[in-house]
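Trainee: how would this look folded up:
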Amino acid sequence: MTSILAIDTSTAACSLALQYRGRITSKSSAEPRSHSQLLMTMVHEVLQESACSLSKLDAIGVTVGPGSFTGLRIGFATVQGLAYATDIPVVPVSTLQVMVATFLRTGDTQHITEGAEVIALLDARMSEYSLGRYTLGNQAEIKPLAEDQLMTQQQVLAAISAANPQALIGEAQQLVADQPSLATLYQPIFPQAEDILPIAQTIFHQGGAVPVDSVDLVYLRGAEAWQKRKRLRPNREG
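Mentor: Numbers count the residues shown, from 1 in each chain. Below is the predicted model of the structure:
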């Protein structure tokens with residue numbers, strides 16, 4: 001089995017997972033604004049617990065957005081350091097796609113059928129949401145129906161109405177509070193690094209692993225907005 005280290009810092013939670021010799025070891029923390037302090041310690045812990053070293057990895061999988069500007073940068077800076085150290089290729093994965101995978105593993109999916117559409121949302125603040133549309137194939141394959149997009153709340157509501165999804169997942173509490181009729185569809189889900197692993201493994205075997213210097217983060221909103229928010233809220237991530 002492919003040896004992959006997976007890292008997600010795209011939301012307030014921080015998680016990583018290691019797939020090595022058929023075993024998965026994972027770590028996570030929901031402590032906000034602590035990604036930079038915790039991440040490398042967690043990397044060393046999973047490597048040590050699995051008796052693995054960086055040189056034994058085939059690839060590093062990482063969520064590249066959308067998500068917290070600061071969180072994404074912290075996670076990717078860590079991936080850059082690890083990848084450059086031993087020339088490990090990187091598999092970039094959408095945060096929203098991983099969120100759907102986490103939903104399939106941990107959420108209430110009894111009513112979800114093959115071919116169903118799932119809409120994943122992340123609150124991008126300023127009355128906007130990052131939205132991903134995915135359909136479920138056989139063997140729990142997750143297929144994107146469109147590129148992840150940044151939408152206003154009204155655009156999100158229009159997209160939900162047009163798509164008629166079987167589930168609405170992610171970070172959309174305010175949207176649901178404003179539109180209570182969506183409550184039956186909604187499940188709060190955040191991405192977990194363990195769910196990067198099967199996606200990254202598939203991409204790796206399809207030849208999709210790339211050098212780390214060719215990977216771009218997907219903010220959806222321009223980086224200038226991140227700089228503005230950083231000046232306004234210098235002590236908070238994302």
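Trainee: Quick test: name the residue nearest the centre of the chain.
Mentor: The centre of the chain sits closest to residue 95, judged by C-alpha atoms, centre = their mean, with a distance of 2.5 Å.
Trainee: Please verify my assumption that that one contacts residue 67.
Mentor: Yes - contact criterion C-beta atoms under 8 Å: residue 95 and residue 67 qualify, at 4.7 Å. Just so you know, the C-beta spots here come from the backbone N, C-alpha and C atoms, and that holds for glycine as well.
Trainee: What's the separation between residue 193 and residue 157?
Mentor: 31 Å (C-beta to C-beta, to the nearest Å).
Trainee: out of those two, which sits in the more crowded spot?
Mentor: Each of residue 193 and residue 157 has its neighbours counted (other C-beta atoms under 10 Å); residue 193 has more, 30 against 15.
Trainee: which residues touch that one?
Mentor: 6, 7, 8, 15, 16, 17, 26, 28 (C-beta atoms under 8 Å, 6 or more residues apart in numbering).
Trainee: try 7 Å
Mentor: 6, 7, 8, 15, 16, 17, 26 (C-beta atoms under 7 Å, 6 or more residues apart in numbering).
Trainee: okay, now the domains of this protein?
Mentor: Using automatic domain parsing, the domain parsing of the chain gives 4-94+191-232, 96-188.
Trainee: Mind jotting down where the strands sit in the chain?
Mentor: 4-8, 14-20, 23-29, 59-63, 90-93, 117-125, 128-136, 142-144, 149-152, 167-170, 186-188 (DSSP state E).
Trainee: Ok, which of those comes nearest residue 52?
Mentor: Set against residue 52 and scored by C-beta to C-beta, those come closest in strand 14-20, at 4.5 Å.
Trainee: relative to strand 59-63, how tilted is the longest helix anywhere in the chain?
Mentor: Using DSSP state H to define each element, the chain has its longest helix at helix 69-86. Helix 69-86 runs at 170 degrees relative to strand 59-63, counting by axes from the mean of the first three to the mean of the last three C-alpha atoms, to 10 degrees.
Trainee: other SSEs contacting helix 69-86?
Mentor: Under the contact definition 3 or more C-beta pairs under 7 Å, 6 or more residues apart in numbering; DSSP states H and E, helix 69-86 sits against strand 4-8, helix 35-49, strand 59-63.
Trainee: Run the angle between it and strand 4-8 for me.
Mentor: 160 degrees.
Trainee: For helix 69-86, list every residue counted as buried.
Mentor: Buried residues in helix 69-86, counted by 16 or more other C-beta atoms under 10 Å: 69-76, 78-80, 82-83.
Trainee: Could I get the domains of the chain in a markdown table, plus columns for mean pLDDT?
Mentor: Shown next, in a markdown table, are the domains of the chain (pLDDT from 0 to 100):
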| stretch | mean pLDDT |
| --- | --- |
| domain 4-94+191-232 | 89 |
| domain 96-188 | 94 |
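Trainee: Could you identify which of those is most buried?
Mentor: Among the domains of the chain, domain 4-94+191-232 has the highest mean neighbour count (mean count of other C-beta atoms under 10 Å), at a mean of 19.
Trainee: just the buried residues of helix 69-86 now: which is nearest residue 110?
Mentor: Of all the buried residues of helix 69-86, residue 110 sits closest to residue 71, with 31.8 Å by C-beta to C-beta.
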